[in-house]
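Trainee: the following comprises the amino acid sequence and a computationally predicted model.
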Amino acid sequence: MSQARLASCLPLPLDQKVLVNVIEKAKDWALMHGVGMRDRKNFTKDSIQIAPFVLLPSPFPRTEFTKAVELQPVLNELMHKVAHDDDFLEHTLQNALQVDEFTANLYDIWVKVRNEGIAQSVSLGLFRSDYLMQHPDGNRIKQVEFNTIASSFGAITSHLPAMSRYILRQLGHGDMIKNMPENRALSGLCSGITDAYDLFGVPTAIVLFVVEEVSYNICDQRFHEFEISETRPEIQIYRKTLNEIYEETELNDKKQLVLDGRPVAVVYYRSGYEPAQYPSNREWEARLRVERSTAIKCPSISYQLAGTKKVQQALAAPGALERFVRGAASARVRDIFTGLYALDFDDSGERAVDMAIADAERFVLKPQREGGGNNVYGAEVRDALLRMRHSRERAAYILMERILPPLVQGYVVRPGAPVPPPVVDLVSELGIFGVIIGTKDKIYSNKQVGHMLRTKLADANEGGVAAGLGALDSPYLL
Ligand code: ADP
Ligand code: MG
Ligand code: MG
């Protein structure tokens, strides 16, 4: 793959002595400001290590950054409307859920709760829309996906501009700071939680974070707790796994979710987005109990379903997006879509399968999963489609045109890695955070609140930071 490069913010390589010195400072800055994660290999709650980061901020075109920022409220509203259009969700997910048990389980809860009567009409969305630049298309941004559950790294990346400023000053380039946008994702995301808490309107109520058995990405999560505790000292936050929620909560006669004798105002999921997080029926029971309750869910199950890859693909079909977004805004949204195709067991699915088998490198095959590491790339797209060609199983996937981002050069700083690191070719993915609060008929709040940049080695297919592949970064606007 030959891809052109964007110029890095400073000429590379840096002088070796300067580099070693500044990395030592940067690592300490990172550790002392919580740009960290727990160690996966030697897990202990007594220490954190630096999260992988890119030493110098990576270049990003200002016009494209601004475009993504300005689009976020439009996308928030789009997803909100999709989540409240029962017919659209039902129709869109029908084929996938026949062959995807996880999506089917979520869907069943959605149907059950609707049939019983929804106890809480307000939903809270802390969303993140992700983009890669499409190099063959003048580096214009294309949407990778839209996350409606457990969108992470808003908190840590809010600290990154300050880290980059420190590093640039150490290198004698303090003047470059003006090209780095402030990032207030943390306070923005937390304001979503506290605004939802206020809408719930019960002074004794608590906030519940749904967490994994082991939280490696602890800094990002804790910063939300610290921020809320600072701005709203009266709000108590509990962290519980789905299994603990099964054991420790109950629904009272008002359908309040009760924990420790107190009603839960807001349930914020940082877990619950992948099958492994539901090892038994108890976790599904817990999820159902939460959904049945009056707690404001972040996300509601309908937001989670709206965030599936299948919905992303369906919105790209002719006329579908325009059902939800009218006028000039729909053209702006369509412009960020790349080729997306259903693999349903019908003629058009058949054509998509043939197209991808003939030219596998042009596509990515995606199942209805979150959290990274689930997609299929390159020659494996062909193998997978040849295997699934005559099986309904293929409807569990969507086919997406592969985006070809420009390369940038930089240094990745990783815990335990030799210093100085080599200059490497990298690729950046921009995420824009959005907050929305509303019911089917009324939107109380809808805003863009910040961004994150995540940069991976150019030859890695995926770049999840939590998955150990990517590195945290900040945009340097060109
Ligand atoms: P997940 O919900 O698991 O994060 P994504 O759709 O974001 O799934 O895919 C994971 C990663 O795969 C992305 O962060 C990106 O690096 C890569 N990727 C996904 N779609 C594309 C695409 N169309 N072109 C190029 N890379 C992609
Ligand atoms: Mg995702
Ligand atoms: Mg992703």
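Mentor: Nice, thanks for sending it over. Ligands and ions are numbered 1, 2, ... in the order given.
Trainee: which one is residue 13 nearest to, not counting chain neighbours?
Mentor: In space, and not counting its chain neighbours, residue 13 is closest to residue 423: 5.1 Å by CB to CB, 6 or more residues apart in numbering. Using the backbone N, CA and C atoms, a C-beta is placed for each residue, glycine as well.
Trainee: need the contact list for that neighbour.
Mentor: 12, 13, 409, 410, 411 (CB atoms under 8 Å, 6 or more residues apart in numbering).
Trainee: tabulate the residues you listed (a markdown table), appending neighbour count, secondary structure and pLDDT.
Mentor: What follows is these, written out as a markdown table (neighbours: other CB atoms under 10 Å; DSSP: H, G, I helix; E, B strand; the rest coil; pLDDT from 0 to 100):
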| residue | neighbour count | secondary structure | pLDDT |
| --- | --- | --- | --- |
| 12 | 15 | coil | 97 |
| 13 | 13 | coil | 98 |
| 409 | 19 | strand | 97 |
| 410 | 25 | strand | 97 |
| 411 | 24 | coil | 98 |
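Trainee: run through the residues that contact the residue of the stretch 201-350 of the chain found nearest ligand 1.
Mentor: The nearest approach of the stretch 201-350 of the chain to ligand 1 comes at residue 338, 6.1 Å away (CB to the nearest ligand atom). Listed by CB under 8 Å, 6+ apart, the contact set of residue 338 reads 134, 142, 143, 400, 401, 403.
Trainee: in a markdown table: the residues you listed, plus secondary structure and distance to ligand 1.
Mentor: Below are those laid out as a markdown table (DSSP: H, G, I helix; E, B strand; the rest coil; distance: CB to the nearest ligand atom, whole Å):
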| residue | secondary structure | distance to ligand 1 |
| --- | --- | --- |
| 134 | strand | 9 |
| 142 | strand | 7 |
| 143 | strand | 9 |
| 400 | strand | 4 |
| 401 | strand | 6 |
| 403 | coil | 4 |
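Trainee: among the residues you listed, which two are most distant?
Mentor: 134 and 400 (12.4 Å; CB to CB).
Trainee: bridging residues for the nearest residue to residue 51 once chain neighbours are set aside?
Mentor: For residue 51, ignoring the flanking residues on the chain, the nearest one in space by CB to CB, 6+ apart is residue 37 at 4.7 Å. Under DSSP bridges, the beta-bridge partners of residue 37 are residue 49.
Trainee: surely residue 193 touches residue 209?
Mentor: No. Residue 193 lies out of contact with residue 209 (CB atoms under 8 Å); the separation is 9.4 Å.
Trainee: common neighbours of these two, please.
Mentor: Counting by CB under 8 Å, 6+ apart, the residues touching both residue 193 and residue 209 are 224, 268.
Trainee: run a quick neighbour tally on the residue in the stretch 201-350 of the chain positioned nearest to ligand 2.
Mentor: Ranking the residues of the stretch 201-350 of the chain by distance to ligand 2 (CB to the ion) places residue 307 first, at 7.3 Å. Neighbours of residue 307 under the rule other CB atoms under 10 Å: 26.
Trainee: got the contact list for it?
Mentor: Applying CB under 8 Å, 6+ apart, the residues near residue 307 are 79, 127, 146, 147, 148, 149, 299, 370.
Trainee: list the contacts of the host helix or strand of residue 208.
Mentor: Using DSSP states H and E, residue 208 sits in strand 206-210. Contacts to strand 206-210, defined as CB under 8 Å, 6+ apart, come from residues 193, 197, 221, 224-225, 228, 235-242, 245, 257, 259-260, 262-272, 290, 295.
Trainee: which of those residues are buried, as a PyMOL select command?
Mentor: Buried residues within the contacts of strand 206-210, by 16 or more other CB atoms under 10 Å, are selected in PyMOL with:
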select buried, resi 193+197+221+224+225+228+235+236+237+238+239+240+241+242+245+257+259+262+263+264+265+266+267+268+269+270+271+272+290+295
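Trainee: just to revisit the earlier point, and ligand 1, which of the contacts of residue 307 reach it?
Mentor: Among the contacts of residue 307, the residues within reach of ligand 1 (CB under 6 Å from any ligand atom) are residue 370.
Trainee: picking that back up, more neighbours, residue 134 and residue 400?
Mentor: Ranked by neighbour count (other CB under 10 Å), residue 134 and residue 400 place residue 400 first, with 26 against 20.
Trainee: bridged to the more buried one, which residues?
Mentor: With DSSP bridges as the rule, residue 400 is bridged to residue 340, residue 364.
Trainee: could you measure it against residue 347, distance?
Mentor: Noted for residue 400: a distance of 20 Å to residue 347, by CB to CB, to the nearest Å.
Trainee: one more: residue 89?
Mentor: Counting by CB to CB - residue 89 and residue 347 are separated by 24 Å.
Trainee: what about these two, which has more around it?
Mentor: Applying other CB under 10 Å to residue 89 and residue 347 shows that residue 89 carries more neighbours, namely 21 against 8.
Trainee: hmm, residue 306 and the more buried one touching each other?
Mentor: Yes. Between residue 89 and residue 306 there is a contact at 6.8 Å, judged by CB under 8 Å.
Trainee: which residues are in contact with both of those two?
Mentor: By CB under 8 Å, 6+ apart, the residues touching both residue 89 and residue 306 are 82, 83.
Trainee: tell me the secondary structure at the residue minimising distance to the centre of the chain.
Mentor: Closest residue to the average C-alpha location of the chain: residue 151 at 3.6 Å, with CA atoms, centre = their mean. Assigned with DSSP: H, G, I helix; E, B strand; the rest coil, residue 151 falls in the coil class.
Trainee: again with residue 408
Mentor: Classified using three-state DSSP, residue 408 is strand.
Trainee: dihedrals phi and psi, whatever residue of the stretch 101-250 of the chain ends up closest to ligand 2?
Mentor: Residue of the stretch 101-250 of the chain nearest ligand 2, by CB to the ion: residue 147 (4.4 Å). Main-chain dihedrals, residue 147, degrees, to the nearest 10: phi -90, psi 130.
Trainee: bridged to it, which residues?
Mentor: Where residue 147 sits in a bridge, its partners, by DSSP bridges, are residue 128.
Trainee: ramachandran angles for the residue nearest to the centre of the chain?
Mentor: Torsion angles, degrees, to the nearest 10, at residue 151: phi -60, psi 120.
Trainee: my read: it touches residue 130, true?
Mentor: No. Between residue 151 and residue 130 there is no contact under CB under 8 Å: 9.1 Å.
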